[in-house]
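1. my questions concern the predicted model and sequence given below.
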Amino acid sequence: MISVEALKVEFGVKPLFSDASFVINERDRIALVGKNGAGKSTLLKILCGQEHPTEGTVSVPHDCSIGYLPQVMRLADTTTVRQEAQQAFADVQRQKAHLDELERQMGERTDYESESYMQLVERYTAAHERYLMMGAEGQEAALERTLTGLGFVRTDFDRPTSEFSGGWRMRIELAKILLRRPDVLLLDEPTNHLDIESIQWLEQLLATWSGAVVLVSHDRAFINNVSNRTLEISCGHIVDYKVKYDEYVTLRRERREQQFRAYENQQKEMAEMRQFIERFRYQATKAVQVQQKIRQLEKIVPIEVDEVDNSAMHLKFPPCQRSGDYPVICDEVEKSYGPHQVFSGVNLTIKRGEKVAFVGKNGEGKSTLVKCIMGEIPFEGTLKVGHNIQIGYFAQNQAQLLDDQLTVFQTIDRVARGEVRLRINDILGAFMFGGENADKRVGVLSGGERSRLAMIRLLLEPVNLLILDEPTNHLDMASKDVLKEAIRAFDGTAIIVSHDREFLDGLVSKVYEFGGGRVREYLGGIYDWIRSLNSLTPGPSPKGEGSIYSQGQNQGKSLYTPLSNRRGAGGEATPLSNGRGVGGEALMHCRYCLRHELGYCVKHGGSKPTWREPLFLRLGDGRRFRLEFDCKRCEMKVYADEKD
């Protein structure tokens, strides 16, 4: 579909990359990887025609359509979300106008047997078939399905785009591109402002995309689930791997190890030849052998070893004095903007040393609660920040608050104090701003470079409570790994707002989910929370009178799933020998409030059966679970503990 030949791009003296040649084929889903500043966004702009290379050619077929999502875009503030998204159907509307014109011409003609009329009919037939192939009949349904998948609700469709933040505007632009269904999708950091549910929806869509996809993303889980090919930009070269990202990491390591072993063997052999030549160069009896060795040495082609980017962000938080035992305590915290209630009844306690994640859809109040903790906005209820707390706060817009006219060095020099000012160059070098990069103006930095610069500002003061709002946006994978290790080694408390599953995995021990105006606590890591959501996905409900699905206050709602299908339940439930066991289809959970249908007490649940505690449930694989429940105004809380 797109052919790239001998591409070279230069900015200044050092080229970004050179002699790059590859072909983008139909159904290719390419992950474009490399450190920040390597030229990934530049390559996407060249592929879509927004920029031109220094040398080389990019060949795009005449009938090939390209959709490009940049990191930063500008939308008109005079349209609604629906109107902005409908611009994706401009080609459809033009085709419809063309059809109407052909229909008008056919209606005015009376020479039905003439050759020109038959040609007009054929043109109309071809145009109508193309109109149908463009999905014109279901465009409104496709629009609603796409906007809903990206996190919008129906009440948002007719709101003006000026009311939405930059992250939501990026979703509108992404929806427009997806609705156009181009032959080639070029996506630059599409997951930066998406919540986990929207990321999973986009994963499924791109995995089945009929055209080609080239994406830049630092979400390891996302690109691994989408890609089937990897292009690496490293040290001025582009290397093509025909595998997804995880396999690319393994192949790249194995390839370099093989190259390095071959290089060492070749160097050893060449050293032995040179040693022989030097030793016997002036001996007449060895003259023939010496000449042979010289010719052999001249014919050897040196083995090249792939360069490795060893410049990684070395991040270490400075030590700070000990904080109180409970850095943050929320008691019935509530926040509203006029009639819109963001959340209410928030009760949480974060202990010293804990690292917790705030997750949930955008707009559910994660950043709002962070601002409440920071004291930036008023709220109702009680929120206590513990004794001796020193907060380090990284906001989503931190990188945008930098002065574009200053250089990198000047930006840090203005906030540095004391002895730190003597080590500014060392700090910048650790963040990949060494050498001439320190003299770059902030205005020419990429999104990832600006985020790294903003992170340096955060590190200049010792803190014991880290509050990081989307810290991984625009950070490359190597930088995220180092940041993750630094936070893991941080002996203070950390509150992390992030949608990056791989970044949170193994880092946090508690998850707070924001949704529906509530904040729910989950013990465990991020994938424990995701599995708990997936295991509580509503399933088909049996019908018929007398069924437990037709009883109770949730009548008519498909909110239940068998407990035997939840995480930890590894088989079909079977009755115990005393007859008090319960079949897997009889034990039902509500995915939202965890009410237990058969667990209502007789006092509050009428004639429904009541189980005495503890009740044991034996699974088909021999494991046994103990179920305990309490009746509190008929709201049952069910707990399952595995017993040997």
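-> Right, received. Where do you want to start?
2. tally of neighbours for the closest residue to Leu297 other than its chain neighbours?
-> Nearest residue to Leu297, sequence neighbours excluded (C-beta to C-beta, 6 or more residues apart in numbering): Met273, at 5.1 Å. No exception for glycine: its C-beta is placed from N, CA and C like everyone else's. Using other C-beta atoms under 10 Å, the number of residues around Met273 comes to 17.
3. again, but for Ser344
-> Neighbours of Ser344 under the rule other C-beta under 10 Å: 16.
4. is it true that it touches Gly517?
-> Yes: Ser344 is within contact range of Gly517, at 5.8 Å (criterion: C-beta atoms under 8 Å).
5. circling back: next, give phi and psi for the residue nearest to Leu297.
-> When read as degrees, to the nearest 10, the backbone of Met273 gives phi -60, psi -50.
6. next up, the contacts around it.
-> 293, 296-297 (C-beta atoms under 8 Å, 6 or more residues apart in numbering).
7. between the residues you listed, which is nearest Arg180?
-> Of all the contacts of Met273, Leu297 has the smallest distance to Arg180: 59.5 Å, by C-beta to C-beta.
8. and the closest one, how many residues sit next to it?
-> Number of residues near Leu297 (other C-beta under 10 Å) recorded here: 14.
9. list the contacts of the helix or strand hosting it.
-> Counting by DSSP states H and E, the element that carries Leu297 is helix 287-299. Residues outside helix 287-299 that contact it (C-beta under 8 Å, 6+ apart): 270, 273-274, 276-277, 280-281.
10. so who does Ala127 touch?
-> Contacts for Ala127 (C-beta under 8 Å, 6+ apart) come out as 95, 98-99, 102.
11. looking at per-residue confidence, what score does the residue nearest to Thr148 when sequence neighbours are not counted get?
-> Nearest residue to Thr148, sequence neighbours excluded (C-beta to C-beta, 6+ apart): Arg154, at 7.7 Å. Turning to Arg154, the model gives it a pLDDT of 86.
12. now do Arg518
-> pLDDT, the model's per-residue confidence, is 91 for Arg518.
13. beta partners for it?
-> The partner list for Arg518 in beta bridges (DSSP bridges) reads Gly515.
14. quick check, it in contact with Gln341.
-> No: using C-beta under 8 Å, Arg518 makes no contact with Gln341, being 10.6 Å away.
15. more neighbours, these two?
-> Of the pair Arg518 and Gln341, Arg518 is the one with more neighbours under other C-beta under 10 Å, namely 15 against 12.
16. can you tell me how far the more buried one is from Glu449?
-> Computed as C-beta to C-beta, to the nearest Å, the Arg518 to Glu449 distance reads 38 Å.
17. list the buried residues for stretch 434-441?
-> Under the neighbour-count criterion of 16 or more other C-beta atoms under 10 Å, stretch 434-441 has 437-438, 440 buried.
18. what's the answer for stretch 141-152, then?
-> Using 16+ other C-beta under 10 Å as the test for burial, stretch 141-152 gives 142-143, 146-152.
19. Asn534: which of those is nearest?
-> Closest approach to Asn534 among the buried residues of stretch 141-152 (C-beta to C-beta): Gly149, at 17.1 Å.
20. spit out the contact partners of that closest one.
-> The neighbours of Gly149, taking C-beta under 8 Å, 6+ apart as the test, are 198, 201-202, 205.
21. go again using 10 Å as the cut-off
-> Applying C-beta atoms under 10 Å, 6 or more residues apart in numbering to Gly149 gives the contacts 171, 175, 178, 197-198, 200-202, 204-205.
22. could you do Ala221 as well?
-> Contacts for Ala221 (C-beta under 10 Å, 6+ apart) come out as 191, 196, 199-200, 203, 245-246, 500-503, 505, 527.
23. switch the cut-off to 6 Å
-> When contacts are counted by C-beta atoms under 6 Å, 6 or more residues apart in numbering, Ala221 touches 501-502.
24. just the ones of the contacts of Gly149 in helices?
-> In helices, defined here by DSSP state H, the members of the contacts of Gly149 are 171, 175, 178, 197-198, 200-202, 204-205.
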